[in-house]
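Undergrad: Below are the sequence and a predicted model for it; my questions follow.
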Amino acid sequence: MIWQLDLFLLLFVIICALAAINVRDLLSAAIILGAYSFFMCMLWAEMGAVDVAFTEATVSAGVGTVLFVAAVFKTVRRSKD
Amino acid sequence: MTHQFPALIIVVPLLAALATPLVGWKNGRLCYYWAVFTMALVCFFAIGLLRSVILNGPISYHQGGWAPPWGIEYYVDYLNAFMLPIIAVISLIVIIYSKHSINRELGGRQMPTYTLILLMITGLMGIVVTGDLFNVFVFLEIASLSCYGLIASGQDGAPLATFRYIIMGTIGASCYLLGVGYLYIVTGSLNLADVSQLIPPLYHSRVVLSAGVLMLVGISLKMALFPLHTWLPNAYAYAPSSVSALIAPLFTKVAAYLMIRVMFTLFRPDFFTTIIPATTILSWLAVTAMMIGSFYAIAQDSLKKMLCYSVVAQIGYIALGIALANKAGLIGALLHILNEAFTKGCVFLVVGAIIYQTGDCTIDHFKNLFRRMPYTMGAFTIGVFSMIGIPPTCGFFSKLSLLMGCIVDHHWVFVAVLLISTILNVIYFFRVIKVASFEEPEADYGRKAPYDQVRMEEVPLSMRIPIMLMAAGILLTGIFSSTIAKTILIHIVPAGF
Amino acid sequence: MLRSRYQDIIAQTIVRIMVPFVQIYALYVLAHGHYSPGGGFQGGVILAASLVLIFLVYGYENALERLKLATAGRLCSLGVLIYAGIGFLCLLLGGNFLDYSRLAPIFQVSLPRARSLGILGIETGVALAVMAAMYSIIMDIVNSDTGNGESHAAGHEIENGETSSDGK
Amino acid sequence: MLELLLSKYNYWLYVILMMIGLYAMLAKRNLVKKLIGMNIFQTAVILFYVSIGVKTGDVTVPILPYGHHHGHEQAINVAHYLNPLPHVLMLTAIVVSIATAGVALAVLILIYRRYRTLEEDEILKINQEAGT
């Protein structure tokens, strides 16, 4: 575990989390959530939890994002907050 | 063969649930018979386990042959053995009942519905039977997810109510998971029995304190204890009627079971009574829940909504019994779990029957219902008696035990609240009975002698018999309540009470 | 909306090249799961992802031609039946549920080898179930304005949570 | 104080993420935003669990470089490996979180079909108008 890299990734994770809940376009929010999951997975790989990272990359960053995007396409893209 | 029952009781409904799409491939109606058959089998396992525990003591089952604390252990002692038949019998009765009701309310969607129902029962059984803290979380989520799916298939506001339930339920499960994680940090184990042996020296560590609080909050959310109950009334009211008859008696009660497990098995009872004053807070929340739930119930127009608030109030009774942390209180809580399962099952089935016959369940439209549906309303009256606590029913004995628990510890405020909430129960239920039996039809009904022309319009036999069975269950558990308390419940009470 | 609007020759060619490799990788992840990261669940998800890729680029109908939703539902049940069948086999041979060492006499192999094979069998079942469930969820959500897709989707969703919890 | 902040930064950041998720779940009115908050909340819990398994020093990921079919079984020194148990638990938790998200999204589509909006205040307004 390299703590500089760790902190750097954690910073990105938090930025992505804040962006995902603050951006008004829901499609962007879904994609930023995918990026959030991906940074999270890099963080975990870096912390030694390769199995968790692998699962997160396939499940949350992959299929989860597709699910969110599909749902946003089916509903509405704009959000008031 | 009995030693395999703890695994079978989970594997059989799980397998049956996932085989349901294959069974219903050509004809969706077969799913009903499949579900009934499965639940009959599960009932057999559950009662077999209860018998075996009474005769031979607790059973420990090592999943995959790995000994605890490394492997997952399924552990059945008196408390589990008491809960399992309740879940199995209630769900068998409700599934028998559900044939026509699901046909009418959900159209041709029997296959997914029965799949979800069986999965939910798997989850509930799993929560009860497992002896592994993380496994509890997994089964809790299986049960909750299928519960979300079932509720969302209801009418009107069901999707919005489900969404709120999903959000709240996830917060609850995550809190529980965090608590387990904290315990894992200090003990390095996830086995319930193992952890409970390892933590007593660490009781004053902040990690263990926060673990206890987090787990308690998470479980209270799933249990819908007073300030965290807001998701419950809408979710249960909008669900299809046989679904609400299944989840209202079982889900919150299983969460109550989990609370008993955490408070009295995982931690020693003195942890929550002296080291952190959780029981004091819990008991005040419980009495508030009793009052608030009853007041809201009085204000409702719809019988189903009223019963949902009544669930909130009754959860207060159970939580009060747990929080009293003495022998009479705990036995009262356990008896109340048994009583509530049958009573809520009975009244929710009756609501389903009324909706089936008349199309809605607004209390003001119940005129002449006693004449039109005498058997159903007779069962309803027994349910109401049990809810109020009139002697031959089980409700009387559980309330008596709770009162004893309050008196032993000199909690006079709680005694007063118990009595007042009983009066409130009388008020809101007798409104229903008054409308249904004593009120004459309105003048513009267009009949001169309306009472003679009211025809009997009972529900089909496959709905009437389950309702009668539930009513019989209320009476039988009442009559045999002292036997149940002597043979099973007395062994559940932890040492030191 | 996601249907056949973004048909693009470059994307189609690339996906045509990629899909077999993605599927082979999924099979590797599945088969090598007990030595390295991965396993039945991840392999199944990657398999489903390859199908979703086809759907995204070639359109909804084209994907349905390859795997119908009804077939996916049955595959899901079949996967779970493989899982539970192995579990029950152990139970019938006198062990506890999922006690793979009891399989040794049947396959004529050593005890550790039997455990390894048992896990592989279980993982295969899980992968099938997860692949089918994930695929039908996504297809149902995408197609939800034409019918009662979502209760169906919810049903499969839970089965999927189910199988993976067994996979633990 | 600084020592406490720096040595346990994982735990601090998991709390921050969790609070971000909780804020989104409680304060945002858009239902998709609530769902995204829920997702962040769950990943924060997973981050916490993964942080439990971390060890410093000469340790490596919990994968054995040899299998039993190579014939020789060496003694394994657990001090050289990260603790894999929290990782294994979290596989299930990730699956649970994606399953919850799937169910919730299906429910969201149902809500949208009924109300044609996903803003909570507008939905409540529609409900109120229908009620009166």
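TA: Looks like it arrived, so ask away.
Undergrad: Now do the contacts for the residue positioned nearest the centre of chain C.
TA: In chain C, the C-alpha nearest the mean C-alpha coordinate belongs to C:M131, at 2.6 Å (Cα atoms, centre = their mean). C:M131 makes contact with C:G44, C:V45, C:L47, C:A48, C:L51, C:L75, C:G79, according to Cβ atoms under 8 Å, 6 or more residues apart in numbering or on different chains. Quick note: C-beta positions are derived from backbone N, CA and C, even for glycine.
Undergrad: Among those residues, name the ones in helices.
TA: In helices, defined here by DSSP state H, the members of the contacts of C:M131 are C:G44, C:V45, C:L47, C:A48, C:L51, C:L75, C:G79.
Undergrad: how about the residues of chain A near chain C?
TA: For chain A, the residues in contact with chain C (Cβ under 8 Å from any Cβ of the partner chain) are A:50-51, A:53-55, A:58-59, A:62-63, A:66-67, A:70-71, A:73-74.
Undergrad: Closest to chain D out of the contacts of C:M131?
TA: Using Cβ to the nearest Cβ, the shortest approach to chain D within these belongs to C:V45, at 9.0 Å.
Undergrad: give the contact list for that closest one.
TA: C:V45 sits in contact with A:T58, A:V59, A:G62, A:V63, C:V130, C:M131, C:M134, where contact means Cβ under 8 Å, 6+ apart.
Undergrad: Show me the strands in chain A, by range?
TA: Applying DSSP state E to chain A gives no strands.
Undergrad: Run through it and note the low-pLDDT ranges.
TA: A:1 (pLDDT under 70).
Undergrad: Tell me the spacing between the residue nearest the centre of it and A:V63.
TA: Nearest to the centroid of the C-alpha atoms of chain A, with distances taken as Cα atoms, centre = their mean, sits A:Y36, at 2.1 Å. For A:Y36, the distance to A:V63 (Cβ to Cβ, to the nearest Å) stands at 15 Å.
Undergrad: Kindly format the C-alpha coordinates of stretch D:11-20 as CSV.
TA: Taking C-alpha atoms only, stretch D:11-20 is exported to CSV below (Å, rounded to 0.1, in the frame of the first residue of the first chain):
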residue,chain,number,x,y,z
TYR,D,11,-11.5,5.3,8.0
TRP,D,12,-12.0,9.0,7.9
LEU,D,13,-12.7,9.0,4.2
TYR,D,14,-15.1,6.1,4.5
VAL,D,15,-17.1,8.2,7.0
ILE,D,16,-17.0,11.2,4.6
LEU,D,17,-18.2,9.1,1.7
MET,D,18,-20.9,7.6,3.9
MET,D,19,-22.1,11.1,4.9
ILE,D,20,-22.2,12.2,1.3
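Undergrad: Check which residues of it are buried.
TA: Going by neighbour count (16 or more other Cβ atoms under 10 Å in any protein chain shown), the buried part of stretch D:11-20 is D:L13, D:Y14, D:I16, D:L17, D:M18, D:I20.
Undergrad: That one close to chain A?
TA: Yes: residues of stretch D:11-20 are located near chain A by Cβ under 8 Å from any Cβ, namely D:L13, D:I16, D:L17, D:I20.
Undergrad: which other residues reach that stretch?
TA: Contacts for stretch D:11-20 (Cβ under 8 Å, 6+ apart): A:10, A:13-14, A:17-18, A:21, D:5, D:37, D:40-41, D:43-45, D:47-48, D:51.
Undergrad: Rounded mean pLDDT for the longest helix along chain C, please.
TA: Longest helix in chain C, counting residues (DSSP H): helix C:111-142. In this model, helix C:111-142 has an average pLDDT of 85.
Undergrad: And for stretch B:339-359?
TA: Mean pLDDT, stretch B:339-359: 88.
Undergrad: starting at the chain centroid, how far to that stretch?
TA: Mean C-alpha position of stretch B:339-359 versus that of the full chain (Cα atoms, centre = their mean, to the nearest Å) differs by 14 Å.
Undergrad: how deep is C:V22 tucked in, by neighbour count?
TA: Using other Cβ atoms under 10 Å in any protein chain shown, C:V22 has 15 neighbouring residues.
Undergrad: typed the wrong thing, it's C:A70
TA: As a burial measure, C:A70 scores 11 neighbours (other Cβ under 10 Å).
Undergrad: so which strand or helix has it?
TA: Here C:A70 sits within helix C:69-92, counting by DSSP states H and E.
Undergrad: same for that helix, what does it pack against?
TA: helix B:5-23, helix C:111-142, helix C:149-167 (3 or more Cβ pairs under 8 Å, 6 or more residues apart in numbering or on different chains; DSSP states H and E).
Undergrad: Can you tell me which of these is packed in deepest?
TA: helix C:149-167 (a mean of 27; mean count of other Cβ atoms under 10 Å in any protein chain shown).
Undergrad: Out of the residues of chain A next to chain C, which end up buried?
TA: Of the residues of chain A next to chain C, these count as buried by 16+ other Cβ under 10 Å: A:50-51, A:53-55, A:58-59, A:62-63, A:66-67, A:70-71, A:73-74.
Undergrad: Filter these down to just the ones in helices.
TA: A:V50, A:D51, A:A53, A:F54, A:T55, A:V66, A:L67, A:A70, A:A71, A:F73, A:K74.
Undergrad: B:V195: which of those residues is nearest?
TA: Set against B:V195, the nearest of these by Cβ to Cβ is A:D51 (24.2 Å).
Undergrad: What residues does the closest residue to the residue nearest to the centre of chain A other than its chain neighbours make contact with?
TA: Nearest residue to A:Y36 in three dimensions, chain neighbours excluded: A:C16, at 3.8 Å (Cβ to Cβ, 6 or more residues apart in numbering or on different chains). A:C16 makes contact with A:I32, A:L33, A:A35, A:Y36, A:F39, according to Cβ under 8 Å, 6+ apart.
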